[in-house]
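K.L.:
Here is my input; please provide its structure:
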Amino acid sequence: IALELSENRVVVSEHSDDIFKDNVLMRALGYEGPQKYLVVFQNTLVPRPTGGALSAYASFILEKGELKDFTVGSVYDLDTGLTAKENPPRPLLLHGNIWGMNNANWFYQFPASAEKIAYFFENAAGIRPDMVVVADIGSLFKEFFNYSASELIAMTPTQTQEIALGLFEGITNAEHSMSDKKNYFTRALARKDIMLYSTNKDMQALLEQNDVAGLASLRQKRDGFVPVVTSLDANPSRYLLGQAVSDNLMFLSAGGVRHAITVDMNFALNPQYRRTSKDVYYMKFYLPKGHSVELDGATGFFEPKIKAANGAFYTDALLEAGERTKMADSANHVEVYEEGDALVIGGFFQVQGAKSSVMVSYVVPRMYKDSRGYYVLHVEKQPGIDTSLRVRVFTEGSIVAEPISHKEKDIVIPEMKSDESIVLSVERTYD
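P.N.:
Model prediction:
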């Protein structure tokens, strides 16, 4: 299938290898019935689990390729129209007691966040979207305007929203060539700078089969982690520029694996902020659910005073399940709980300058190996956040570990893709 855009219409012709299977694309374009779209833009300078704080949005209908009922606006305006009274995740109680559209993307697994986005949008606007799309503002601006990080930082929130919406209208019309758009969207979907969700179960299954649904690849029978940082304020005094993740990985003679994961973050002052404050963030380390994890220590965290949730408000079932499984480590100021199909180690930390660091150490009592007998460490990066990865491999006692695809035991990946897998051959030696 080939696509061309002309006068707000997507024209479909033959003979092209599109990133979607044909039936997914045809349904998404409304050739099997009108599709109501909600596109929400993320500002990754203010990090959230799926990328960044939600700011501007566009809603429209696609029917047989034709764009109809195009509307744009601010998610903050939508929040003023919410009638739903729902308790937010506990960390967000630091800044208010009602959950809304701006911070609906609390869950790293995009389908869970997208379902909350759809729910709040329907509650505020009266429209149940068939498709929810999130797009990284920074990625769009760099691709089509060649904006630098410093130029993005200098923009006011209003300027960012206006330019993002103007750019989106240009993309959906004919201001950029189809090949440029297709190349960008292919890369953006692979990087999770754009993620898609359908409220139709059959359509969602097709999106997941085509790997464009923003799902994490954390598996129960494989070791791995995803560090996810969240700004608890929609307008913090400092913006996150990037992070360096390092894991001191030790294979234990008793058969387990110890991780000591450090996240070093770089920040820049928000020029729109008129005072200096101590910003409070929340860090989550996502691990495969089903692992028996022994917390070994943590640094850089603290426990702020949190408002109590409103007993009269509704609480999301996913959050309730997490509260039931939660175990607090008061000495290290972190908590361990389940979130959907993942195990989470989470904690609050403060940002008071250009740099901030946190560390968690834990033991996975069992060493997971693949069908070839190799230990595989799977690491994913948070969408939209520039991330480097360093894994240092250590052994205890009579264990030898040799990387399969790297020459050194100090493995460095300066710019992470959406995910990386490190394969090691681990053997015991005997005298």
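K.L.:
what residues are up against residue 319?
P.N.:
87, 89-90 (C-beta atoms under 8 Å, 6 or more residues apart in numbering). The C-beta positions use only the backbone N, C-alpha and C, and glycine is treated the same way.
K.L.:
For residue 414, which non-adjacent residue is spatially closest?
P.N.:
residue 388 (5.1 Å; C-beta to C-beta, 6 or more residues apart in numbering).
K.L.:
what's across from the one you found in the sheet?
P.N.:
Judged by DSSP bridges, the bridge partners of residue 388 are residue 244.
K.L.:
In this structure it contacts residue 420, no?
P.N.:
No: if you go by C-beta atoms under 8 Å, residue 388 and residue 420 don't touch, sitting 10.6 Å apart.
K.L.:
Find residues that contact each of the two.
P.N.:
Counting by C-beta under 8 Å, 6+ apart, the residues touching both residue 388 and residue 420 are residue 413.
K.L.:
ok so, going back, would you convert the contacts of residue 319 into JSON lines that also reports distance to residue 184 and neighbour count?
P.N.:
Formatted as JSON lines, those follow (distance: C-beta to C-beta, whole Å; neighbours: other C-beta atoms under 10 Å):
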{"residue": "87", "distance to residue 184": "38", "neighbour count": "21"}
{"residue": "89", "distance to residue 184": "33", "neighbour count": "22"}
{"residue": "90", "distance to residue 184": "37", "neighbour count": "19"}
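K.L.:
List the ones among these that fall in strands.
P.N.:
In strands, judged by DSSP state E, none of the contacts of residue 319 are found.
K.L.:
what would those look like in a markdown table with distance to residue 357 and pLDDT?
P.N.:
Below are these laid out as a markdown table (distance: C-beta to C-beta, whole Å; pLDDT from 0 to 100):
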| residue | distance to residue 357 | pLDDT |
| --- | --- | --- |
| 87 | 31 | 94 |
| 89 | 24 | 95 |
| 90 | 23 | 95 |
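K.L.:
which among those residues gets closest to residue 105?
P.N.:
In terms of C-beta to C-beta, no member of these lies closer to residue 105 than residue 89, at 11.1 Å.
K.L.:
okay, and for the stretch 301-431 of the chain, where does confidence drop off?
P.N.:
Within the stretch 301-431 of the chain, the segments meeting pLDDT under 70 span 407, 429-431.
K.L.:
tell me the helices in it, going along the chain?
P.N.:
317-325 (DSSP state H, counting those that start in this stretch).
K.L.:
Test my guess that residue 377 contacts residue 413.
P.N.:
No: checked against C-beta under 8 Å, the pair residue 377 and residue 413 is beyond contact range at 11.7 Å.
K.L.:
So for the two, which sits in the more crowded spot?
P.N.:
Using other C-beta atoms under 10 Å as the criterion, residue 377 and residue 413 rank with residue 377 on top: 21 against 17.
K.L.:
which residue sits closest to the more buried one in space, ignoring its chain neighbours?
P.N.:
The shortest distance from residue 377 to any non-neighbouring residue, by C-beta to C-beta, 6+ apart, is to residue 422 (4.6 Å).
K.L.:
before we move on, what about residue 293?
P.N.:
Excluding the flanking residues, the one nearest residue 293 by C-beta to C-beta, 6+ apart is residue 362, at 5.0 Å.
K.L.:
ok, what's across the strand from the one you found?
P.N.:
With DSSP bridges as the rule, residue 362 is bridged to residue 259, residue 295.
K.L.:
Relative to residue 228, how far out is it?
P.N.:
From residue 362 across to residue 228, the span is 16 Å (C-beta to C-beta, to the nearest Å).
K.L.:
With residue 206 instead?
P.N.:
27 Å.
K.L.:
These two: who's more crowded?
P.N.:
Between residue 206 and residue 228, counting by other C-beta under 10 Å, residue 228 is the more crowded of the two (25 against 20).
K.L.:
Could I get the contacting residues of the more buried one?
P.N.:
49, 108, 283-286, 382.
K.L.:
which residue packs closest to it, ignoring adjacent ones?
P.N.:
residue 284 (4.6 Å).
K.L.:
what's the burial count for the residue nearest to residue 414?
P.N.:
Using other C-beta under 10 Å, residue 388 has 16 other residues around it.
K.L.:
now whatever helix or strand residue 285 lives in: mean pLDDT?
P.N.:
Per DSSP states H and E, residue 285 falls inside strand 279-288. The pLDDT scores in strand 279-288 average 96.
K.L.:
next one: stretch 36-48
P.N.:
Stretch 36-48 comes out with an average pLDDT of 93.
K.L.:
Would you check how far apart residue 148 and residue 417 are?
P.N.:
Distance from residue 148 to residue 417, by C-beta to C-beta: 22 Å.
K.L.:
Also residue 76?
P.N.:
33 Å.
K.L.:
out of these two, which sits in the busier spot?
P.N.:
residue 76 (16 against 13).
K.L.:
Next up, the contacts around the residue nearest to that one when sequence neighbours are not counted.
P.N.:
Distance criterion C-beta to C-beta, 6+ apart; nearest residue to residue 76, sequence neighbours excluded, is residue 102 at 6.3 Å. If a contact means C-beta under 8 Å, 6+ apart, then residue 102 has 53-55, 75-76, 79, 234 as its contacts.
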